[in-house]
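Visitor: What follows is a protein structure lacking sequence information:
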DNA sequence: AGAAAATATATAACATGTTAAATTTATTTT
DNA sequence: AAAATAAATTTAACATGTTATATATTTTCT
């Protein structure tokens, strides 16, 4: 049997944890979880998103996101309104203070990302992104052709 | 600001999810979570581990592992005894039926791993492992030298 | 129009992730 | 040896992950 250490999911997890360690202190200083930060960032890039679109962009399942938005709503960092064209849809936006918070935090967040790039090397980082994207792509392709059978 | 899509933690997460998708149905068929399976695998490779060693090997924090072991214990897949040399330490072992379960499941698990290797390419997979290891290594080195300052 | 099916979201229930605090046993200090 | 400190593990509390189910609204069908 393959040795236990050679586990792709675990290697990916370890890498993710190592990277996140660099960001979490900064997030915690502003009382945000990585997920909450992802939501705020996504809304900053594209103001006023349906919650299901937000779910895709942030790679969060609806039940998690539902709770996260409720939390951010009570903290007045985001607001929601019901879509006119379809009353089932919630549209989430940053409030002014949510917008402010992102702008306050972004520079340090960017600096930390730049530091990781410098430590690891720009070329290697690009290569890693490419490999990860290709892995996902190929697995999804394979899933599709399995479904067609 | 860097575009939201270019997020290393999220790329790592997506890749991990895509890979896990391949294993989860098989695990669920045997009522195991990925974490529970990791624990059983670790114990199969090295019978009788202190729970803190198990925690490192499986990359699980103690509170999570504590609950997982309790669950596996009630299902009689693992057993625990108190270490003679230090009564604070729990030593966890596979029961015979735990051992059996790993041997029953391992072939299919290996087959799925082989399939992923084939889809993605052996060389690329090795390269990915190397990059992930190197990323973790370099981040840890950088952490150390920061502490020394 | 009214019933049935589909869609968007939320809630429920339970496992896991995560930090802090509690508990128990070992070790060190005085 | 008694008190203080440290170490291993568990429990608590709360956020998130995950599957199933419920709710509300829209669309489709007849």
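Guide: Thanks, I have the structure now. What you are looking at is a predicted structure, and each value in this text was computed from that prediction instead of being measured.
Visitor: what comes into contact with stretch A:20-40?
Guide: Stretch A:20-40 has contacts (C-beta atoms under 8 Å, 6 or more residues apart in numbering or on different chains) with A:54, A:58-60, A:64-65, A:68-69, A:71-72, A:77-78, A:94, A:98, A:101-102, A:104-105, A:108-109, A:112, A:115-116, B:7, B:9-10, B:139, B:143. All C-beta spots, glycine's among them, are computed from the backbone N, C-alpha and C.
Visitor: cutoff 7 Å now
Guide: For stretch A:20-40, contacts defined as C-beta atoms under 7 Å, 6 or more residues apart in numbering or on different chains pick out A:54, A:58, A:60, A:64, A:68, A:72, A:77, A:94, A:98, A:101-102, A:105, A:108-109, A:112, A:116, B:9.
Visitor: Do me a favour and average the pLDDT over it.
Guide: In this model, stretch A:20-40 has an average pLDDT of 95.
Visitor: cool, and stretch A:48-66?
Guide: 97.
Visitor: Just the buried residues of the contacts of stretch A:20-40.
Guide: Among those, those classed as buried by 16 or more other C-beta atoms under 10 Å in any protein chain shown are A:54, A:58, A:60, A:68, A:72, A:77, A:94, A:98, A:101-102, A:105, A:109, A:116, B:9.
Visitor: circling back to that earlier point, from the contacts of stretch A:20-40, which are also near DNA strand D?
Guide: For DNA strand D, the contacts drawn from these by C-beta under 7 Å from any atom of the strand are A:60, A:64, A:68.
Visitor: Check whether the longest helix seen in chain A comes near chain B.
Guide: Counting residues, the longest helix in chain A under DSSP state H turns out to be helix A:122-148. Yes: interface with chain B: helix A:122-148 contributes A:124, A:127-129, A:131-132, A:135-136, A:138-140, A:142 (C-beta under 7 Å from any C-beta of the partner chain).
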